[in-house]
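Undergrad: here's a sequence, model it:
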Amino acid sequence: MIIAIIAVLAFMLPKSTLESFLPQEAVNAIDDVKSFVADKIEEITGEYINTEDTEAVRKHYSADDGGSEEPLQTDGNTDTNVEEIVRIIRESLDARNTTVEITNASSESITEAVNIVYKLPYYFWLDREYKTVSFGNRVTINFTSAFEDIDAAQSMIDNSAAQILSGISEDTSDYRKARAVYEGLINSITYNRGETDDTDAGIYGALVEKTCVCEGYAKAFVYLMEKAGLAADIYTGTAVTNEGNTELHAWNSAVLYGQLYYFDVTWADQDDGEIYYDWFALTSEQIGRTHIPDEGSAMPYTDSTDCNYYYLNEMIMYSGDEEELKNMILQQGYDVELMCINQEAFRNVCAVVKDSARMSIVCQSAGMQASGYEYSINDTVYTLKISFY
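TA: Next up is the predicted model:
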């Protein structure tokens, strides 16, 4: 008890205050304790801490989690950049070490780096919460695992990934690889519209439990694309739905044949058994109509349409008039898919499709023997599907 009291007094009160009410022998004892602690800190960390700076020491140990939110900088040096912090964290986590030591880094840089790591698909096993403890210019990040057996979970993920990628070889084209991943995720996942947990935002939920939210789709897309040998990335931010509502969202980009494209597998999965290519290989202009990245992040510009499903399969309408629609019917038959190059063309073709009399004339001119038709539209990417019966 006496030692504990001396330790508290040693670090929480200035020496002048101690001398005002303690005998000299006690003050000398406190000085010995402080010198001992300083020597041990220097011995362990290689850093010298001025133990007379009671205010800094008090701030340093006053946080609820055992350390300050801000690293206590002894030299004013915050040279460690975010990229380097990410590398250090990943190196530690890859070795299944959940305690990570970072030196000379600001709390902002550490937070940014941790957020980057959480976006990566490989660390599905991490609990979403972590703690930091700082001492001097050193910060310890303490992660925790949400899985008892990480290797077993990883094995199940890899088995599921292998099934989706089973038709892919080294000779498979970039376009076919991307379609296999896109279609495989849509066919195997059901969007979780109920209560969620940590697995719903990761590849375990997407590939093993077969249910997840947008972040799970996006991480699974990156994971599978990289396994297929293609570079991919994930973006988070907000998106505007067809109803005009704004929601938190996650989506992707990928590089095919050296060109960048954008993808949104979540919105492509309508849980109706159909494959919608509306969100496959989009340009910056197309994705930017509805998707807004988080503040401080940016989506690289691209205008390539070479790998877009509609452009590649010659399903593009330029005017949206009856003659162009007739040609689409002649080309595709009873199930027509098309994308309009701009809003004007989209409005034109929608006006035709919504008018049964005009559609009857178009069908007759195309030689279509049908008693009726049904259609669905996507007015954000200007796509239309028509099924005749």
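
Undergrad: so where's this protein shaky on pLDDT?
TA: Flagging of the chain using pLDDT under 70 yields the residue ranges 1-22, 26-27, 29-79.

Undergrad: point to the residue nearest the middle of it.
TA: What sits nearest the mean C-alpha location of the chain, by C-alpha atoms, centre = their mean, is K119, with 4.0 Å.

Undergrad: what distance do you get for that residue to N252?
TA: K119 sits 11 Å away from N252, going by C-beta to C-beta, to the nearest Å. No exception for glycine: its C-beta is placed from N, CA and C like everyone else's.

Undergrad: between the two, what contacts are shared?
TA: Counting by C-beta atoms under 8 Å, 6 or more residues apart in numbering, the contacts common to K119 and N252 are I234.

Undergrad: doesn't V336 belong to a helix?
TA: No. Checked against DSSP: H, G, I helix; E, B strand; the rest coil, V336 lies outside a helix; its state is strand.

Undergrad: ignoring the adjacent residues along the chain, who's closest to it?
TA: Residue nearest to V336 in three dimensions, not counting chain neighbours: I386, with 4.3 Å by C-beta to C-beta, 6 or more residues apart in numbering.

Undergrad: what's the answer for I164, then?
TA: Closest residue to I164 apart from its sequence neighbours, by C-beta to C-beta, 6+ apart: G184 at 3.5 Å.

Undergrad: the residue nearest to the centre of the chain is in contact with T236, isn't it?
TA: Yes. When contacts are counted by C-beta atoms under 8 Å, K119 is listed as touching T236 (7.0 Å).

Undergrad: name the helices or strands packed onto the longest strand seen in the chain?
TA: Using DSSP state E, we find that the single longest strand of the chain is strand 246-256. Other helices and strands packing on strand 246-256, by 3 or more C-beta pairs under 8 Å, 6 or more residues apart in numbering; DSSP states H and E, are helix 174-188, helix 214-227, strand 232-240, strand 259-263, helix 265-268.

Undergrad: now do the buried residues in that strand.
TA: Of the residues in strand 246-256, H249, A250, W251, N252, S253, A254, V255, L256 count as buried by neighbour count, 16 or more other C-beta atoms under 10 Å.

Undergrad: how many degrees apart are it and helix 174-188 in direction?
TA: 140 degrees (axes from the mean of the first three to the mean of the last three C-alpha atoms, to 10 degrees).

Undergrad: alpha carbons of strand 246-256, as PDB, please.
TA: In PDB, the C-alpha atoms belonging to strand 246-256 read as follows (Å, rounded to 0.1, in the frame of the first residue of the first chain):
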ATOM      1  CA  THR A 246     -29.300   8.300 -50.000                       C
ATOM      2  CA  GLU A 247     -27.600   5.300 -48.300                       C
ATOM      3  CA  LEU A 248     -24.200   4.300 -47.100                       C
ATOM      4  CA  HIS A 249     -22.700   2.000 -49.800                       C
ATOM      5  CA  ALA A 250     -19.700   0.100 -51.000                       C
ATOM      6  CA  TRP A 251     -18.700  -0.700 -54.600                       C
ATOM      7  CA  ASN A 252     -15.600  -1.600 -56.700                       C
ATOM      8  CA  SER A 253     -13.300  -0.800 -59.500                       C
ATOM      9  CA  ALA A 254     -11.200  -3.300 -61.500                       C
ATOM     10  CA  VAL A 255      -8.600  -3.200 -64.300                       C
ATOM     11  CA  LEU A 256      -9.300  -5.200 -67.500                       C
END
